[in-house]
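> Please work out how this folds:
(chains A and B)
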There are 2 protein chains.
Amino acid sequence: MSKQPEHPTLLIPGPIEFDDDVLQSMSRYSESHVGPAFVATFGETLSMLRKLFQTTDPSSQPFVISGSGTLGWDLVAANLVEPGEDVLVLSTGYFSDGFADCLRTYGANPTQLKAPVGSRPQLPEIEKALSEKKYKMITVTHVDTSTGVLSELKDLAALVHRVSPETLIVVDGVCSVACEEIAFDEWKLDGVVTASQKAIGCPAGLSISMFSGRAMQAFQNRKTPVASYFASMKNWTHIMQNYEAKKPSYFATPSPQLVHALHTALDQILARPLSERFSRHREVSDKIKQTVSSLGLKQVAANPEDQAHGMTAIYLPEGIKVTDILPVLGKKGVVFAGGIHKEIATKYIRFGHMGVSVTDPRRQDIDHALTSLEDSLVACGYKKP
Amino acid sequence: MSKQPEHPTLLIPGPIEFDDDVLQSMSRYSESHVGPAFVATFGETLSMLRKLFQTTDPSSQPFVISGSGTLGWDLVAANLVEPGEDVLVLSTGYFSDGFADCLRTYGANPTQLKAPVGSRPQLPEIEKALSEKKYKMITVTHVDTSTGVLSELKDLAALVHRVSPETLIVVDGVCSVACEEIAFDEWKLDGVVTASQKAIGCPAGLSISMFSGRAMQAFQNRKTPVASYFASMKNWTHIMQNYEAKKPSYFATPSPQLVHALHTALDQILARPLSERFSRHREVSDKIKQTVSSLGLKQVAANPEDQAHGMTAIYLPEGIKVTDILPVLGKKGVVFAGGIHKEIATKYIRFGHMGVSVTDPRRQDIDHALTSLEDSLVACGYKKP
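Numbering: from 1, shown residues only, chains lettered A, B, ... in the order given. As a prediction, this is how the structure comes out:
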């Protein structure tokens, strides 16, 4: 059925399994990065991103830059905040700590609002924090890949607009864009940064982001120079605008193959209503979470309303180690990830369920993974309650 | 013969035409970035880079990071130089100016030693500059993609070591690595930064670099913190060392597909002696330059010893515009690039001759391009002298 050779199914929280057509686009013959064919492809890709982020506001600005998802943090930290400015960082795990580190590197002054492992800062504490100090920006990790904790964006954004309307709202959407709903305009977000290799379903290597007119204005109004060269909006904005207007433009060479693959992935995503895509991820996630519970296992994200829909972080039963179960799963052709949150790393595994593994009805990835999980636990000596 | 569909031959100074097997590696099925199979591939890739750069010194450190070639400048500027430190930038065109801009962004104080368009700063003036001020670093664009000017590295490095032995020698090798000789250890270079899509022959999307033990020491001994997050050696060194030791490690997700393609490209390059590869590029370049002369055309790089061997920048005859000839060449299936050096941009075209178009005996790319160039000039009304 698939053109890909037989291989273990990659069900980690990114990179995910990719569609055949997306992978074929990676092999596209070489084209000039400033030739009309590629310029059109890149321009369409940027326009499609507006649809994925649900923004029609012409002042929103998409960026697609060669790099890892992490580069999105530099884009935010080097362009939208100035040295000494305060940023409120909502912490739900490993990745929020990283974002804070990045902000600090560029001279900003992050205050981390930390929640206990497996939960997220609550709206009342966020409101309190926002009313105690003036923050240039608030950042939130939509889904923390280390814990599977989902943050509620809509209510959070409404709160920020009510309590501290001048504060920019920036979302780390690396593990959420294209599997969790993000209504960029409606929720009045100012920035969402993500990567290609998760729910968008394109191989790793692209930093993808969307910024509001207000965020672009904050960048334009900087009093201090931008503190990065490769991650400088000053160097890239004009280039992205030209590509989208189908005009050749050059700052640094983009990757035509990766951009073609992203174009294919976005084409597939936008061929059906986004609402359908989000509810499909929700439906499959619910099923996974039910199975996990029925196996007597707990999730790292304790409350159902804090649980992501594109991944599940599962505590292992007492006595079963990550290093015991992952190889057993591997022999069944299922690749899950170990833990990476330092406080609990040895105690849990992570199951990614995003993109084609969830949306392609021809694929049995999820059912096979659930059966394999149960069988592997049993093989490791676990007795189901 | 080729598995790629019929397409115009891309003969710009990067991206270049890619080998079928390299492009097929881009379609590789998804693998975990920390799984043993990919870790081994990445580790081997890093070790192969040591061979390509001709370094056996264990203190040399290779880096492969998702990004454009430009990211290499940030790596140098954010890690090896501290605010206020002086850098001597040898300028041979557009790309040296970019490197200087990047250094300035991170607080360094670049002094540009500019040569007239089409030439390069001469050793006596470099010696004079080095003896007048203490420079932390000297940078040189090995081949400036905007002009096709080649800098002579070996004598330059010897000069720097004689006159200012503490000065780090950093080479922008974006348009030279894998087509011009670079003997990293023998010439005692401290850094070479490059990209995947030129003579290395792997699609764009990877910043590739090599730094000496001395450069790594300069980074370790910084008095000020590293001024970038994504381009921080503090974040990456350890990761690269782990990958090379075949140990899983994580800072930001690499691109398994691009790294696989780089592995394939390096395998192909290293299957034959590097000396053969360099002389083949030289031989084909000589033939191209002879043909250009016999057509009565001049090169931007005036002196034969300043001419690169992987590209040729050619002044058009009076009365023929870039916008006239490129479409005529395009119809013959040959893609050349226009000019990008701002002082002469409308007056010249650039012909890239790197990688498989030069080394694969089954390909007729170069001969076809030379015939097409002559025919296109004639079609534009040019009369050969």
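> Make sure A:Thr194 is indeed in a helix.
No. Checked against DSSP: H, G, I helix; E, B strand; the rest coil, A:Thr194 lies outside a helix; its state is strand.
> quick one, what contacts it?
A:69, A:72, A:172-174, A:176-177, A:200, A:207-209 (C-beta atoms under 8 Å, 6 or more residues apart in numbering or on different chains). All C-beta spots, glycine's among them, are computed from the backbone N, C-alpha and C.
> Please narrow the residues you listed to those residing in strands.
A:172, A:207-209 (DSSP state E).
> quick one on the thing from earlier: chain B: which of the contacts of A:Thr194 is nearest?
Proximity of these to chain B (C-beta to the nearest C-beta) peaks at A:Gly69, which lies at 6.5 Å.
> For the residue lying closest to the closest one once chain neighbours are set aside, list each beta-bridge partner.
Excluding the flanking residues, the one nearest A:Gly69 by C-beta to C-beta, 6 or more residues apart in numbering or on different chains is A:Ala195, at 3.0 Å. Beta-bridge pairing of A:Ala195, defined through DSSP bridges, involves A:Ser207.
> Can you give me the neighbour number for A:Ala195?
Residues within reach of A:Ala195, counting by other C-beta atoms under 10 Å in any protein chain shown, total 29.
> Who are the contact partners of it?
A:Ala195 neighbours (C-beta under 8 Å, 6+ apart): A:14, A:68-69, A:72, A:174, A:204, A:206-208, B:253.
> What separation do you get for it and B:Arg120?
40 Å (C-beta to C-beta, to the nearest Å).
> now do A:His238
30 Å.
> re earlier: dump the ones in strands among the contacts of A:Thr194 to a markdown table, plus pLDDT and neighbour count.
Output for the ones in strands among the contacts of A:Thr194, formatted as a markdown table (pLDDT from 0 to 100; neighbours: other C-beta atoms under 10 Å in any protein chain shown):
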| residue | pLDDT | neighbour count |
| --- | --- | --- |
| A:Asp172 | 98 | 31 |
| A:Ser207 | 98 | 27 |
| A:Ile208 | 98 | 30 |
| A:Ser209 | 98 | 28 |
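> For the stretch 51-200 of chain A, list the residues in contact with chain B, please.
Within the stretch 51-200 of chain A, the residues that sit near chain B (C-beta under 8 Å from any C-beta of the partner chain) are A:65-71, A:73-74, A:77, A:101-102, A:105-106, A:195, A:197.
> swap the cut-off to 7 Å and go again
Proximity of the stretch 51-200 of chain A to chain B (C-beta under 7 Å from any C-beta of the partner chain) is limited to residues A:66-71, A:73-74, A:77, A:101-102, A:105, A:195, A:197.
> what's the farthest-apart pair in those?
Largest separation among those by C-beta to C-beta: A:Thr105 and A:Gln197, giving 23.7 Å.
> Which of those two has more residues huddled nearby?
Set A:Thr105 next to A:Gln197 and count neighbours by other C-beta under 10 Å: A:Gln197 wins out with 28 against 24.
> Any figure for the gap between that one and B:Leu130?
On the measure of C-beta to C-beta, A:Gln197 and B:Leu130 end up 46 Å apart.
> Likewise for A:Cys202?
47 Å.
> the more surrounded of those two?
Higher neighbour count among A:Cys202 and B:Leu130: A:Cys202, with 34 against 19, using other C-beta under 10 Å.
> Show me how far stretch A:342-351 is from its chain's centre.
19 Å (C-alpha atoms, centre = their mean, to the nearest Å).
> Excluding its own residues, what touches it? List them.
A:11-13, A:117, A:148, A:288, A:300, A:311-316, A:321-322, A:325-326, A:336-339, A:369 (C-beta atoms under 7 Å, 6 or more residues apart in numbering or on different chains).
> Give me the three-state assignment for the residue nearest to A:Ala108 when sequence neighbours are not counted.
Among residues not flanking A:Ala108 along the chain, A:Val81 sits closest, at 4.3 Å (C-beta to C-beta, 6+ apart). Here A:Val81 is coil, with the state taken from three-state DSSP.
> cool, and the one 3 residues further on?
Assigned state for A:Gly84: coil (three-state reduction, three-state DSSP).
> hang on, A:Val170 is in a strand, isn't it?
Yes. Counting by three-state DSSP, A:Val170 is part of a strand.
> dump the residue contacts of it.
A:76, A:137, A:139, A:190-191.
> Over to A:Ser176?
A:Ser176 sits in contact with A:142-143, A:182, A:310, where contact means C-beta under 7 Å, 6+ apart.
> ok, 6 Å please
A:142-143 (C-beta atoms under 6 Å, 6 or more residues apart in numbering or on different chains).
> May I have the phi/psi pair for it?
A:Ser176 adopts backbone torsions of phi -130, psi -30, taken as degrees, to the nearest 10.
> Can you lay out the ones in strands among the contacts of A:Thr194 as a markdown table showing distance to A:Asp306?
Formatted as a markdown table, the ones in strands among the contacts of A:Thr194 follow (distance: C-beta to C-beta, whole Å):
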| residue | distance to A:Asp306 |
| --- | --- |
| A:Asp172 | 16 |
| A:Ser207 | 27 |
| A:Ile208 | 25 |
| A:Ser209 | 25 |
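> mind giving me the domain ranges of chain A?
Following automatic domain parsing, one gets these domains for chain A: A:9-17+A:273-379, A:21-270.
> how long is the longest one end to end?
Distance between the two ends of domain A:21-270: 15 Å, counting by C-alpha to C-alpha, to the nearest Å.
> Return the distance of that domain from the chain's centre.
In terms of C-alpha atoms, centre = their mean, the centre of domain A:21-270 is set 9 Å apart from its chain centre.
> measure the closest residue to A:Glu186 other than its chain neighbours to B:Ile320 for me?
Spatially, and ignoring its direct neighbours in sequence, A:Glu186 is nearest to A:Gln54 (7.0 Å; C-beta to C-beta, 6+ apart). Distance, A:Gln54 to B:Ile320, by C-beta to C-beta: 49 Å.
> can you list the weak-confidence ranges in the stretch 251-385 of chain A?
The model of the stretch 251-385 of chain A has no residue with pLDDT under 70.
> change it to 90
Along the stretch 251-385 of chain A, the model assigns pLDDT under 90 to residues A:342, A:384-385.
> Write out the residues of it neighbouring chain B.
Residues of the stretch 251-385 of chain A lying close to chain B by C-beta under 6 Å from any C-beta of the partner chain are A:252-253, A:255, A:257-258, A:335.
> Closest one of the residues you listed to B:His33?
Among those, and counting by C-beta to C-beta, the member closest to B:His33 is A:Val335, at 11.3 Å.
> Could you report the distance from the closest one to A:Met233?
A:Val335 is 37 Å from A:Met233, by C-beta to C-beta.
> what do you get for A:Arg120?
From A:Arg120 to A:Met233 the distance is 29 Å (C-beta to C-beta).
> circling back to that earlier point, which stretch among the domains of chain A comes nearest B:Arg28?
Of these, nearest to B:Arg28 by C-beta to C-beta is domain A:21-270, at 7.6 Å.
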